[in-house]
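Q: no sequence on hand, only this structure:
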Ligand SMILES: [Zn+2]
């Protein structure tokens, strides 16, 4: 632990002079905000929960042990609401041959068919969860490959790890199949598997074998099946949508229409929505308004969009690939940031670190000048979207889960990797180390 963060090993202690972005607080507090919108607070930790939150000064004169943060940043642990931890950490076994979306789909599909056993999936998913936990992530929603004939393997691992990790990370899962998989009777069986596993129903709005270019045939009819299956079982929906620059094949407005047509009362999340950024302003504004009317939430995956979108051999990319975050938020649409793929053919990089994802999102999406409530997109906003309870927020009486940073301002926080952050889980400092890549060598040594 860095010398600046000698957190008392006690059941009851004060974290004094913590600088907390106001957007993380579940209840507003009368305290002056700095230029980042952060408040200087004292927080009492007792028996693993937050016993008090008060303007700085409350801890003065207390006989309880005090750790003085000296105005450094204190955040809640964060939420990664869109990942693919069943696919991850297959490098160098299966790289993307050229970095393209087609290369990603082919590589990932080949890896699944060649190597995925219960043990292979379990070890890679567990590796991902250990990375996330050390970085200060307390809730993860992962999509799971759910093709006919092989879906049960991933869902079985998910159920096992959800239980094993339940005290450290709240794990949710979503089915991932091309939407035309719902055309036959498999859709019904998959929806049953998802319901029996306590999952979320999902699909990608492209046809089997497609790369988001061109509209899926009968998309509205397929959406009708999906919404019906979800409604019948009381399931929420989470879809991969418009992950391309093709403005002719926009599924997002069709999904908004389906929500309204079905009077769907569950939660509906649309991930990516890249091509919305390339629509003419008036078209984008109309689609955004429809999203707001239908109550859809959006999750943007900036690091993976930067990696896959506008990639062509020998050509430098010209656009960022991310959805219009600011315009959506201005219209009242909840927008969260997610990490998406990690060390697999869809994204060669990443470490399940939502602080890193936030830092990159700030730069890619200009979520600064001012930062305003941008940090909320990794905490309270995804928490509300996926129903993660108090995780991602700071509230009296809830588990004391924090990330302590050496940084005092958001500028300092975004500039450095924050490798010396201290994660606190239910009042105790997390001392686990990041897992070593070498642990997976026997699994993913180059074999293709
Ligand atoms: Zn994804």
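A: Here it is on my side, so go on. Please read these numbers as outputs of a predicted model, since none were measured by experiment.
Q: pLDDT below threshold where in the stretch 151-300 of the chain?
A: Scanning the stretch 151-300 of the chain for pLDDT under 70 picks out the ranges 209-214.
Q: apply 90 and report the result again.
A: Applying pLDDT under 90 to the stretch 151-300 of the chain picks out residues 206-217, 249.
Q: now the helices for it?
A: Assigned by DSSP state H, counting those that start in this stretch, the helices in the stretch 151-300 of the chain fall at 151-164, 186-196, 219-233, 252-262, 281-294.
Q: now the fourth one against helix 281-294, angle please.
A: Relative orientation of helix 252-262 and helix 281-294, computed by axes from the mean of the first three to the mean of the last three Cα atoms, to 10 degrees: 30 degrees.
Q: check the second one too.
A: For helix 186-196 against helix 281-294, the angle between stretch directions is 60 degrees (the same axes, to 10 degrees).
Q: longest helix in this structure, please.
A: The helix spanning the most residues in the chain, taking DSSP state H as the definition, is helix 118-135.
Q: helices or strands next to that one in the packing?
A: Helices and strands touching helix 118-135, by 3 or more Cβ pairs under 8 Å, 6 or more residues apart in numbering; DSSP states H and E, are strand 137-145, helix 151-164, helix 354-365, strand 422-425, helix 441-444. Glycine gets a C-beta too; all of them are placed from N, C-alpha and C.
Q: residue 255: which of the ones you listed is closest?
A: Among these, the nearest to residue 255 by Cβ to Cβ is strand 137-145 (16.4 Å).
Q: run me through the strand neighbours of the closest one, direction for each.
A: strand 78-83 (parallel), strand 170-176 (parallel) (DSSP bridges).
Q: and these, which is most packed in?
A: Per-stretch averages of neighbours, counted by mean count of other Cβ atoms under 10 Å, single out strand 78-83 among the strands paired with strand 137-145, with a mean of 29.
Q: highest mean neighbour count out of the helices and strands packed on helix 118-135?
A: Of those, the one with the most neighbours on average (mean count of other Cβ under 10 Å) is strand 137-145, at a mean of 26.
Q: now that strand against helix 354-365, angle please.
A: Angle, strand 137-145 to helix 354-365, by the same axes, to 10 degrees: 70 degrees.
Q: for strand 137-145, what is the average pLDDT?
A: The pLDDT scores in strand 137-145 average 98.
Q: how far away from the center of its chain is it?
A: 7 Å (Cα atoms, centre = their mean, to the nearest Å).
Q: same check, this time on stretch 316-331
A: Distance, centroid of stretch 316-331 to centroid of chain: 17 Å (Cα atoms, centre = their mean).
Q: residue 104: neighbour count?
A: 25 (other Cβ atoms under 10 Å).
Q: among the helices of the stretch 151-300 of the chain, which is nearest residue 441?
A: Closest approach to residue 441 among the helices of the stretch 151-300 of the chain is made by helix 151-164 (20.5 Å; Cβ to Cβ).
Q: which strands and helices sit next to the closest one?
A: helix 118-135, strand 137-145, strand 170-176, helix 186-196.
Q: tell me the buried residues in the longest one?
A: Right, helix 118-135. For helix 118-135, a neighbour-count test (16 or more other Cβ atoms under 10 Å) marks 120-135 as buried.
Q: if we can go back for a sec, for the helices of the stretch 151-300 of the chain, which one sits closest to residue 440?
A: Closest to residue 440 of the helices of the stretch 151-300 of the chain, according to Cβ to Cβ: helix 151-164, at 15.3 Å.
Q: could I get the helices and strands packed on helix 151-164 as a markdown table with distance to residue 314?
A: As requested, the helices and strands packed on helix 151-164 are exported to a markdown table (distance: least, Cβ to Cβ, whole Å):
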| stretch | distance to residue 314 |
| --- | --- |
| helix 118-135 | 33 |
| strand 137-145 | 31 |
| strand 170-176 | 31 |
| helix 186-196 | 40 |
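Q: nearest to residue 162, of the ones you listed?
A: When the helices and strands packed on helix 151-164 are compared (using Cβ to Cβ), the closest one is strand 170-176, at 4.4 Å.
Q: would you confirm that residue 130 contacts residue 434?
A: Yes - the pair residue 130 / residue 434 is scored as a contact, 7.4 Å apart, by Cβ atoms under 8 Å.
Q: how about the contacts made by the closest residue to residue 153 other than its chain neighbours?
A: In space, and not counting its chain neighbours, residue 153 is closest to residue 118: 5.8 Å by Cβ to Cβ, 6 or more residues apart in numbering. Contact analysis of residue 118 by Cβ atoms under 8 Å, 6 or more residues apart in numbering lists 153, 156-157.
Q: break this protein down into its domains, please.
A: The chain is divided into the following domains under automatic domain parsing: 3-76+392-429, 78-386.
Q: figure out which of the ones you listed is closest to residue 438.
A: Of all the domains of the chain, domain 78-386 sits nearest to residue 438, with 11.2 Å by Cβ to Cβ.
Q: what sits against residue 268?
A: Neighbour list for residue 268: 236-239, 255, 259, 294-297 [criterion: Cβ under 8 Å, 6+ apart].
Q: measure it to residue 144 for me?
A: Using Cβ to Cβ, to the nearest Å, we find residue 268 at a distance of 19 Å from residue 144.
Q: please apply the same query to residue 348.
A: Distance from residue 348 to residue 144, by Cβ to Cβ: 21 Å.
Q: now do residue 278
A: 30 Å.
Q: give the residue farthest from the middle of this protein.
A: The C-alpha centroid of the chain is most remote from residue 61, which lies 40.9 Å away (Cα atoms, centre = their mean).
Q: pretty sure that residue belongs to a helix, no?
A: No - secondary structure of residue 61 (DSSP: H, G, I helix; E, B strand; the rest coil): coil, not part of a helix.
Q: and the strands in the stretch 251-400 of the chain?
A: For the stretch 251-400 of the chain, strands defined by DSSP state E, counting those that start in this stretch occupy the ranges 268-272, 297-300, 335-337.
Q: dump the contacts of residue 118 to JSON lines, plus distance to residue 75.
A: Putting the contacts of residue 118 into JSON lines (distance: Cβ to Cβ, whole Å) gives the following:
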{"residue": "153", "distance to residue 75": "36"}
{"residue": "156", "distance to residue 75": "34"}
{"residue": "157", "distance to residue 75": "30"}
